[in-house]
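Visitor: Predicted structure and sequence below. I'll ask about it afterward.
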Amino acid sequence: MRKYIIYFFLVPLFVINAQWDLSISMGLDFKSASSFRDYINSGFAPANDKLSTFSSSVNFNGEAGYQFTETFQLALEYSLSIDSYNTSVAPGGVYDISYSSHRPSLIGYYVISGDGYKFKLGGGVGPRFISLEEKIISSTNYTAKGFGVLLKADGNTLLGGNLYALIGFDIRYDMPGDLKSGDDTYIQNYGNGEKVNLNALSFGIKLGVAYLL
């Protein structure tokens, strides 16, 4: 009887453990942030070196997912995107602007899995937080917060044991809102006087590893 009681408690633990996915990855975002681009182009970029419609930035990602059924998984993702721009300004100075975009999201996946592979397709939503530093003569810090949505596809291929190689693609639309400093001063476009934001449409690719428990 004691043996069956032990099985009763241990078997559910093995079932639960087999349903967790943990992953880390890094990659590139190709994004179009029109308000930010117009601000740089109108005030700082040289005439022969304007920012294009799409630019790239690096991203770092971590995710934990729990599979509730054979085909459905719910996951929490944390994604960090980092970007910067700098150029020389007269007389002998440097203009520098850099920011980090924090993009946590709750994602629902449709899962297809088999021997040695796992494919996930899903969508999600979450808050967005921006921290930006601009240096013209002195440095000023700005922040913004809003929300964003994404569509995402991940493919996992077995390397050995419970370790998988991961390749992922996503499409995001982030709307963190207008950038403002601690004293409620907004960044404004020199050309049209509009408040500057980091709303962006982006296409991302990433490589990493996943551990399936």
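Guide: Received, thanks. Numbers count the residues shown, from 1 in each chain.
Visitor: Just the helices from this structure, written as ranges.
Guide: Per DSSP state H, the chain carries helices over the ranges 2-17, 34-43.
Visitor: worst average pLDDT in these?
Guide: When the helices of the chain are ranked by mean pLDDT, helix 2-17 comes last with a mean of 43.
Visitor: contacting residues around the residue positioned nearest the centre of the chain?
Guide: The centroid of the chain falls nearest to Ser79 when counting by Cα atoms, centre = their mean (3.4 Å). Contact analysis of Ser79 by Cβ atoms under 8 Å, 6 or more residues apart in numbering lists Asn59, Phe60, Asn61, His102, Arg103, Pro104, Ser105. Yep, even glycine has a C-beta here, placed from its N, CA and C like the rest.
Visitor: repeat that for 7 Å
Guide: Neighbour list for Ser79: Asn59, Asn61, Arg103 [criterion: Cβ atoms under 7 Å, 6 or more residues apart in numbering].
Visitor: swap in Val149?
Guide: Residues near Val149 by Cβ under 7 Å, 6+ apart: Val125, Tyr173.
Visitor: Tell me what it is bridged to.
Guide: Beta bridges link Val149 to Val125, Tyr173, judged by DSSP bridges.
Visitor: Asn156 too?
Guide: Bridge pairing for Asn156 - DSSP bridges - gives Lys118, Leu166.
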